[in-house]
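In: Provided below are the primary sequence and the corresponding predicted coordinates.
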Amino acid sequence: MNKGFSAGLIGFGEKRLADYAPVAAKLGFDSVDFNVTEEYKNGAGFIQEQLNKYALKIGGFGLPVDIVAEESKFSCDLKALPDYCKFAADVGNLRCFTWVAPVSNALDYEENFELHKNRLGECARVLEQYGIRFGLEFVGPLAIRKGHKYDFIDNLDGVLELVSAINRPNVGVLVDTIHWDLAGQTIEDFKKISSKDFIVVAHINDAVAGFPLGQQLSFNRELPGVTNVLNIEDFMNGLLSVGYDGPVYVEPFNEKVQNMPFEQAAEVTKIAMDSVWIA
């Protein structure tokens, strides 16, 4: 595993690689992600220069395709995907990821499953042509499902079924501590992971103290190790048990962190990561 830094995941999505690469290197992170649609404008040479200058690995990028958009928007996004994939591959960015919304107001479970299988499968086919692995993230908090007509995938078994249905060799999972725990997954569930490469990316964070797990919100979290509501030790040991060797990012969705000066936010993120790290 390596210690990854993502400015976007700690609330600074406006930052670009040139802004955060020197900060990440200074603080001792091993790798960084980037916004592929923004960094594409700079060209592969610039990205490689930044990575080399600061001795950083590249961690991954979010899928630049809206999976649940109207057909015209999805088709437009899909058409642009090969250019982004080539750019990412040219700088060695071979991990892509997206999340699967656990609810829908338009499609029932079977209809939504078919939509995701087909559209994610089309994206996976393009990514595969460039040697890019594709991780799908399930979203676990019960509270996020309130007020929506239909439930959808919200646990590991559900996303594993979707991956199996897509049936492409480059598709795996993105795992996140808050979704893992709130979906009721335990360290034993790592035995369902077929190989170290099946996990594409991992996120760590902590839950808010004083709320039962069933009332935790997806977009209100703490830095890892702050409250110890989540079983981060088991999660990290689970990653080690399958031999995961990719980036681990902190994703707190925390207003206090977002309101800090950027470098301070990056520093407290690294301190929190170090506090729960298991080598």
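Out: Received, thanks.

In: In the protein, what residue spans correspond to strands?
Out: 2-5, 31-32, 57-58, 61-62, 95-100, 103-104, 133-138, 150-151, 171-176, 199-204, 247-250 (DSSP state E).

In: give the contact list for L136.
Out: With contact set as C-beta atoms under 8 Å, 6 or more residues apart in numbering, L136 has these partners: 97-100, 120, 159, 162-163, 171-174. From N, CA and C alone the C-beta is placed, and that goes for glycine too.

In: please redo it, this time with the cut-off set to 6 Å
Out: 100, 159, 173 (C-beta atoms under 6 Å, 6 or more residues apart in numbering).

In: Just the buried ones out of the residues you listed, please.
Out: Listed as buried from those are 100, 159, 173; burial here means 16 or more other C-beta atoms under 10 Å.

In: how near is the closest residue to the first one other than its chain neighbours to A89?
Out: Nearest residue to V100, sequence neighbours excluded (C-beta to C-beta, 6 or more residues apart in numbering): I153, at 5.2 Å. According to C-beta to C-beta, to the nearest Å, I153 and A89 sit 28 Å apart.

In: The two: who's more crowded?
Out: Higher neighbour count among I153 and A89: I153, with 24 against 16, using other C-beta atoms under 10 Å.

In: on that earlier part again, same list (the strands of the chain) but as CSV, adding distance to E38 and mean pLDDT.
Out: Rendered in CSV, the data for these read as follows (distance: least, C-beta to C-beta, whole Å; pLDDT from 0 to 100):
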stretch, distance to E38, mean pLDDT
strand 2-5, 16, 98
strand 31-32, 13, 98
strand 57-58, 15, 96
strand 61-62, 10, 97
strand 95-100, 15, 98
strand 103-104, 29, 94
strand 133-138, 20, 98
strand 150-151, 33, 94
strand 171-176, 21, 98
strand 199-204, 19, 98
strand 247-250, 18, 98
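
In: Could you export those strands to TSV, including columns for distance to I193?
Out: Below are these laid out as TSV (distance: least, C-beta to C-beta, whole Å):
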stretch	distance to I193
strand 2-5	18
strand 31-32	21
strand 57-58	22
strand 61-62	22
strand 95-100	16
strand 103-104	25
strand 133-138	12
strand 150-151	24
strand 171-176	8
strand 199-204	6
strand 247-250	15
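
In: show me the contacts for D66.
Out: Residues near D66 by C-beta under 6 Å, 6+ apart: 73, 77.

In: mind running it again at 8 Å?
Out: Contacts of D66 by C-beta under 8 Å, 6+ apart are 73-74, 77.

In: And for M273?
Out: Per C-beta under 8 Å, 6+ apart, neighbours of M273: 3, 204, 224, 248, 250.

In: Check D30 too.
Out: Applying C-beta under 8 Å, 6+ apart to D30 gives the contacts 2-4, 56-57, 247.

In: Neighbour count and distance to L136 for those residues - can I get that in CSV?
Out: Listed next are these as CSV, based on neighbours: other C-beta atoms under 10 Å; distance: C-beta to C-beta, whole Å:
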residue, neighbour count, distance to L136
N2, 14, 21
K3, 20, 23
G4, 27, 18
L56, 22, 26
K57, 15, 22
P247, 25, 16
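
In: Closest one of those residues to Y20?
Out: Minimum distance to Y20 across the contacts of D30 is 9.9 Å, recorded for L56 (C-beta to C-beta).

In: And stretch 53-62, how far out from the chain middle?
Out: 15 Å (C-alpha atoms, centre = their mean, to the nearest Å).

In: again with stretch 171-178
Out: Its chain's C-alpha centre and that of stretch 171-178 lie 7 Å apart, by C-alpha atoms, centre = their mean.

In: Other residues contacting it?
Out: Residues contacting stretch 171-178 (C-beta under 8 Å, 6+ apart): 97, 99, 120, 124, 133-138, 140-141, 156, 159-160, 163, 193, 197-207, 216, 218, 221, 224, 230-232, 235, 239, 251.
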